[in-house]
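Trainee: What follows is a protein structure lacking sequence information:
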């Protein structure tokens, strides 16, 4: 710590570390590298014209309000819109239950700030969203990975999580696995959590990006008074506006609002008014199906490419929505060790170990299918197969592909 | 805490409390109340046409970048612009020394997150900016109020602050007092802090709002490697865009960036590009003088109104910039106790006790002169004098006004 003199860092600063994903995104940003790494929505899916119209409208109609300080809770009509929209998630709430945040990442930070003491246990999926670990780490949380099968965390395994401050879940088209928790499992998990008095933090950035059928109703709808629900406009509109929201019960909301006020006073009211203007007349009902259609095409292109290029011994499932494939390489191959060579060949991905709270698994990797266009996806997967071909430890096993 | 079941709150949540100022702003928002409470820039000073042009430009030229995820550090051209602009503060820095934040409030939060452990001492002015206390409170800081005179904190008094994590200062047109630290005092304070190894956190939202002459160079310029400097576009452009920045030495910057990434990934790139487009060609050199001119007029109106209406026994200084008068009522009058009656009469202000870390003083109040137009200012001060007339404890002393 001597390098930081005269500054003495807080103990928690040891737990504040660079994001492995951001480091890899920097790698992936090299020219001639096809990035299957970042979860960046396709800019082709941004509704540019609609955003332009909305921005002009706001700056014509309410410019003085849009540029002034505003309330911490958020723009009232947008909070009302979110509350109505979440009826589709089985949530019966009002505007007062919604806090607008600077992306759902801020929602995770606020939840950590209000609920986590040093040494508090957070129960997580295995693997889990790495950005949530990054948000909770500064509060010096410990993690308990809950055993799971293809349907999600096992309700019986929750029993170990007695005393945890909450269970964190991404139920729909999870980042990184693409897996969705089924309706029956949701009920079992919620019933078990409720019996235990274990709060749920349900993070749903991808729920609207379904390809075949909507995901089941939110877990929070089964136990609203024990659940925090996080949503985002990043995936259905555009991430650069940084707009998300937190739904929390009245027992918790005031502390979240006060923590938000201390953190940044409020989310830019300009951005909130623009997004409200975009969504207020049902625009998402026409726009989101186009995004789904686009991403379904990308998903199909990646599946075809994986079938075409991946050698035997690799395993994956076809995601029914969202943005990611989760690829298991044969045991013994280290996806992190292989990355530099892959980037040299011209393709980037995210090694899977970062998504395990205990960093226990090394042969997995995450592939985003939304950023690169389909033609690049095929070439990227071909290059990935080439990298695999020369990876140390290959071939250690030869299992049939499980699709 | 039983009301929050099943949620168990973090210990720090006890220190996360509603902002007294926000509560008062809610009072002040009643119809027919003249608000001298909030530090809301006058919307008449927002450069609407320029913001419209900039927004159109960004959405025409770089819409896909403006709506996409972006780097945590901030938009590179804006960081470069800030670095250049701060030469006027005596800072010789590059873009790499600048982190763009979601308002300077977020800068305060990040500083607290990275530097404060429970029980850490922060040395503060007396009074000090209440939003900083609000930002540091969740990190369970203790405060040491440094004795001061009209020139600012006393260098000798700093000696008590050995072991404090940093000294927090608003050197220019301070909120709430309006006081500016002179050049000689800056040098003495920095020399003393440097001898002690006591880092400085210098918060400068109001520096550009001078009426007669620019404030002296920043304290950070005397000891860059021991200083964090915070700035904001809220007062010179518009707060609703939520754009500020932190300048920190290389020993500290990486942790601040990582903490920011965990907190909200990045500040909206759309807002950053718009503001860059506004400022890049020197627009502030024409715009800020107009803001100064406007606020000087407001300041003069409030000074005239205070002279006209305030009874003997009240004391204040005329601020040379910024947004606030700081009014001392006779000892024995409690500005908080008087507020309800003042609001009933039709004027709101912020009681001064909230700005003292030890809440030790009760006869002071803050008056903002930037939000209400001059005619309302006069009427507001007249109503304030009426409220005083009937305040319990009045008159306890009869001193001459000190102007």
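Mentor: Received, thanks. It should be emphasised that the depicted structure is a prediction, and the values quoted were computed from it without experimental measurement.

Trainee: residues from the stretch 101-250 of chain A in reach of chain B?
Mentor: For the stretch 101-250 of chain A, the contact set with chain B under CB under 8 Å from any CB of the partner chain comprises A:101-103, A:105-106, A:109, A:113-117, A:120, A:131, A:134-135, A:137-139, A:165-166, A:197-199, A:225-226, A:234, A:238-242. (C-beta placed from N, C-alpha, C; glycine too.)

Trainee: buried subset of those?
Mentor: Buried subset of these (neighbour count, 16 or more other CB atoms under 10 Å in any protein chain shown): A:101-103, A:105-106, A:109, A:113-117, A:120, A:131, A:134-135, A:137-139, A:165-166, A:198-199, A:226, A:234, A:238-242.

Trainee: okay, now the domains of chain A?
Mentor: A:2-46+A:285-389, A:66-281 (automatic domain parsing).

Trainee: And those: which comes nearest residue B:376?
Mentor: Ranking these by proximity to residue B:376 (CB to CB) places domain A:66-281 first, at 16.9 Å.

Trainee: related to what we said a few turns ago, next step: the buried ones among the residues of the stretch 101-250 of chain A next to chain B restricted to helices.
Mentor: Members of these lying in helices (criterion: DSSP state H): A:103, A:105, A:106, A:109, A:113, A:114, A:115, A:131, A:134, A:135.

Trainee: ok, these vs residue B:258, which is closest?
Mentor: Distances from residue B:258 to those, taken by CB to CB, are shortest for residue A:134, at 8.4 Å.

Trainee: Leaving out chain neighbours, which residue sits closest to that closest one?
Mentor: residue B:262 (4.7 Å; CB to CB, 6 or more residues apart in numbering or on different chains).

Trainee: you'd agree residue A:310 is up against residue A:381?
Mentor: Yes: counting by CB atoms under 8 Å, residue A:381 is a contact partner of residue A:310 at 7.2 Å.

Trainee: These two: who's more crowded?
Mentor: A direct count of neighbours by other CB atoms under 10 Å in any protein chain shown for residue A:310 and residue A:381 places residue A:381 higher, at 28 against 20.

Trainee: list the contacts for the more buried one?
Mentor: Shown in contact with residue A:381 (CB atoms under 8 Å, 6 or more residues apart in numbering or on different chains): A:36, A:302, A:305, A:306, A:308, A:309, A:310, A:347, A:367.

Trainee: what comes up buried for the strand or helix carrying it?
Mentor: Element membership of residue A:381 [criterion: DSSP states H and E] is helix A:374-389. Buried residues in helix A:374-389, defined by neighbour count with 16+ other CB under 10 Å: A:374, A:376-388.

Trainee: go on, stretch A:91-110?
Mentor: A:91, A:93, A:95, A:97-110.

Trainee: Pop out the phi and psi values for residue A:278.
Mentor: phi -70, psi -40 (degrees, to the nearest 10).

Trainee: mind checking how far it is from residue A:233?
Mentor: If you measure residue A:278 against residue A:233 using CB to CB, to the nearest Å, the figure is 9 Å.

Trainee: the more surrounded of those two?
Mentor: Between residue A:278 and residue A:233, counting by other CB under 10 Å, residue A:233 is the more crowded of the two (25 against 22).

Trainee: Show the subsequent helix or strand relative to the helix or strand bottoming out on mean pLDDT in chain A.
Mentor: In chain A, no helix or strand scores lower on mean pLDDT, DSSP states H and E than helix A:20-28, which sits at a mean of 77. Remark: after helix A:20-28, the chain's next helix or strand is strand A:34-35, criterion DSSP H and E.

Trainee: Packing partners of that next one?
Mentor: Where contact means 3 or more CB pairs under 8 Å, 6 or more residues apart in numbering or on different chains; DSSP states H and E, strand A:34-35 is packed against strand A:347-348, helix A:374-389.

Trainee: Same list, these, but as JSON lines with mean pLDDT and distance to residue A:152 please.
Mentor: JSON lines is the format used below for the helices and strands packed on strand A:34-35 (pLDDT from 0 to 100; distance: least, CB to CB, whole Å):
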{"stretch": "strand A:347-348", "mean pLDDT": "95", "distance to residue A:152": "28"}
{"stretch": "helix A:374-389", "mean pLDDT": "96", "distance to residue A:152": "27"}
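
Trainee: closest to residue A:331 out of the ones you listed?
Mentor: Of these, nearest to residue A:331 by CB to CB is helix A:374-389, at 13.6 Å.

Trainee: At the contact with chain B, which residues of the stretch 251-400 of chain A appear?
Mentor: By CB under 8 Å from any CB, the residues of the stretch 251-400 of chain A that approach chain B are A:251-252, A:254-255, A:258-259, A:261-271.

Trainee: what distance separates stretch A:8-20 from the middle of the whole chain?
Mentor: Taking CA atoms, centre = their mean, to the nearest Å, one finds the center of stretch A:8-20 at 22 Å from the center of the full chain.

Trainee: how long is it from one end to the other?
Mentor: For stretch A:8-20, the first-to-last residue distance is 25 Å (CA to CA, to the nearest Å).

Trainee: Is there proximity between it and chain B?
Mentor: Yes: against chain B, stretch A:8-20 shows contacts by CB under 8 Å from any CB at A:8, A:9, A:10, A:11, A:12, A:13, A:16, A:17, A:18, A:19.

Trainee: Run a quick check on residue A:264 versus residue A:101, I expect a contact.
Mentor: No: in this structure, residue A:264 is not within contact of residue A:101 by CB under 8 Å, at 9.3 Å.

Trainee: Pull up the overlap in contacts between the two.
Mentor: Taking CB under 8 Å, 6+ apart as the contact rule, residue A:264 and residue A:101 both touch residue B:264.

Trainee: what number of residues lie near the nearest residue to residue A:106 once chain neighbours are set aside?
Mentor: Sequence neighbours aside, residue B:264 is the residue nearest to residue A:106 in space, at 4.4 Å (criterion: CB to CB, 6+ apart). Look at residue B:264: counted by other CB under 10 Å, it has 27 neighbours.

Trainee: repeat for residue A:147
Mentor: 12.

Trainee: How about the contacts made by it?
Mentor: A:126, A:153, A:154, A:157 are the contacts of residue A:147 under CB under 8 Å, 6+ apart.

Trainee: Which of those residues fall within strands?
Mentor: If you go by DSSP state E, these have residue A:153 in strands.

Trainee: remind me, longest helix of chain A?
Mentor: Using DSSP H to define each element, chain A has its longest helix at helix A:283-309.

Trainee: other SSEs contacting that helix?
Mentor: Applying 3+ CB pairs under 8 Å, 6+ apart, one finds that helix A:283-309 makes contact with strand A:324-328, helix A:374-389.
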